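Asker: Sequence first, then the predicted structure:
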Amino acid sequence: MLPPLWAAASFIRRYTYFVGVMDVLVHSLGCVGPATLLSGASCGALIAVFTKCGLPVETVLELTRKFSHECATHGVRGRLGVVLRSYLEAYLPHDAHELCVGTTFLAVTKVWPSIRTRLFSSFASRADLVSAVLASCHLPGLSDGSFTVSFKGRLHIDGGLLSVVTPPPHATHTVLVCSMPSAQIARLPAFIGRPKQADISISPDTFQAWPFTRPQTTALALEPPSPAFIDHMVARGRADAWAWAEAVGFARNGVPLLPTATRLQQLRQQAFCGRTPQARSVLAAQLQRVLLLV
């Protein structure tokens with residue numbers, strides 16, 4: 001089992017990278033709309049839910065700094081889940097579950113009677129959504145002192161245990177964002193599923209060199225990140241997201257080139273309005289080809 005501070009600090013470091021990436025994808029490029037499918041495990045589950053709930057980046061960063069300070073000041077063993085729950089209760093809107101249902105997939109690892117990753121996107125209430133996030137983020141021994149957490153009548157632990165990324169099902173195209181340097185993924189234990197390095201869309205070393213050696217990266221995870229390092233990881237996430245957008249033709253010189261996801265959905269609805277089922281099928285196929293080309 002990972003030392004408590006190592007696990008918590010690594011959690012925060014990875015999370016702050018996601019914050020920077022999603023800031024660009026959501027607010028600068030408009031790639032994420034109400035119908036866009038998001039999926040996440042562990043700290044990725046947090047950012048997926050915060051994104052779907054429309055929390056401002058400034059609010060998310062405020063939460064991050066508070067969480068890091070809490071870990072440094074009061075420790076994390078047996079308290080991590082309590083702290084996370086308090087923040088979720090304080091920051092999530094009252095209709096958070098309605099904003100996430102059907103489009104936000106949270107990964108958890110079921111451990112009994114067999115171990116496997118499960119994805120949940122149906123949430124009966126705000127409390128049910130909070131429980132799903134806490135199950136996805138459950139670090140054995142740290143969250144509440146127990147090895148597992150009960151969710152939906154089953155025992156679960158951290159959703160990232162068996163897989164580096166957990167794409168949403170039935171997605172026609174997936175942008176894989178990994179908060180670990182992709183070159184380090186190959187060194188993970190063999191039981192952890194991982195994508196090919198070429199399949200990762202955005203990671204800390206996809207578009208720029210990761211400036212830390214493996215021992216240095218480990219050392220960074222041994223203590224809660226400083227405010228300066230939090231800002232560094234957020235800025236790095238933003239820079240990598242812009243680099244990806246330019247690489248795939250979504251932006252040029254820092255300027256978006258395509259309509260936002262919300263606008264594309266509006267255009268799609270307008271195009272389908274009043275058409276026969278057969279005409280809709282033909283148009284859907286044409287739109288699919290266009291989306292694959294862009």
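Answerer: Great, that's in hand.

Asker: C-alpha only now, for contacts and for neighbours.
Answerer: OK.

Asker: Can I get the longest helix along the chain in PDB, CA atoms only?
Answerer: If you go by DSSP state H, the chain has its longest helix at helix 227-247. What follows is helix 227-247 as a C-alpha-only set of coordinates in PDB (Å, rounded to 0.1, in the frame of the first residue of the first chain):
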ATOM      1  CA  PRO A 227       0.800  26.700  -4.500                       C
ATOM      2  CA  ALA A 228       3.500  27.400  -7.100                       C
ATOM      3  CA  PHE A 229       3.500  23.800  -8.300                       C
ATOM      4  CA  ILE A 230      -0.300  23.700  -8.400                       C
ATOM      5  CA  ASP A 231      -0.100  26.800 -10.700                       C
ATOM      6  CA  HIS A 232       2.700  25.100 -12.700                       C
ATOM      7  CA  MET A 233       0.600  21.900 -13.400                       C
ATOM      8  CA  VAL A 234      -2.500  23.900 -14.300                       C
ATOM      9  CA  ALA A 235      -0.500  26.000 -16.700                       C
ATOM     10  CA  ARG A 236       1.100  22.900 -18.200                       C
ATOM     11  CA  GLY A 237      -2.400  21.400 -18.700                       C
ATOM     12  CA  ARG A 238      -3.500  24.500 -20.500                       C
ATOM     13  CA  ALA A 239      -0.500  24.600 -22.700                       C
ATOM     14  CA  ASP A 240      -0.800  20.900 -23.600                       C
ATOM     15  CA  ALA A 241      -4.500  21.300 -24.400                       C
ATOM     16  CA  TRP A 242      -3.800  24.100 -26.800                       C
ATOM     17  CA  ALA A 243      -1.000  22.100 -28.400                       C
ATOM     18  CA  TRP A 244      -3.400  19.200 -29.000                       C
ATOM     19  CA  ALA A 245      -6.000  21.600 -30.400                       C
ATOM     20  CA  GLU A 246      -3.500  23.000 -32.900                       C
ATOM     21  CA  ALA A 247      -2.200  19.500 -33.800                       C
END
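
Asker: Which other helices and strands does it contact?
Answerer: Counting contacts by 3 or more Cα pairs under 8 Å, 6 or more residues apart in numbering; DSSP states H and E, helix 227-247 packs against helix 4-22, strand 251-252.

Asker: neighbouring contacts of that helix?
Answerer: For helix 227-247, contacts defined as Cα atoms under 8 Å, 6 or more residues apart in numbering pick out 13, 16-25, 65, 201-204, 206-208, 251-254.

Asker: swap the cut-off to 6 Å and go again
Answerer: T16, Y17, G20, V21, V24, A251, R252 (Cα atoms under 6 Å, 6 or more residues apart in numbering).

Asker: What of stretch 248-256?
Answerer: Residues from elsewhere that reach stretch 248-256 (Cα under 6 Å, 6+ apart): L29, A245, E246, L257.

Asker: Buried ones among the residues you listed?
Answerer: Buried subset of those (neighbour count, 16 or more other Cα atoms under 10 Å): L29, A245, E246.

Asker: can you give me the helices in the stretch 1-150 of the chain?
Answerer: Secondary structure of the stretch 1-150 of the chain (DSSP state H, counting those that start in this stretch): helices at 4-22, 43-52, 57-74, 80-91, 96-100, 126-136.
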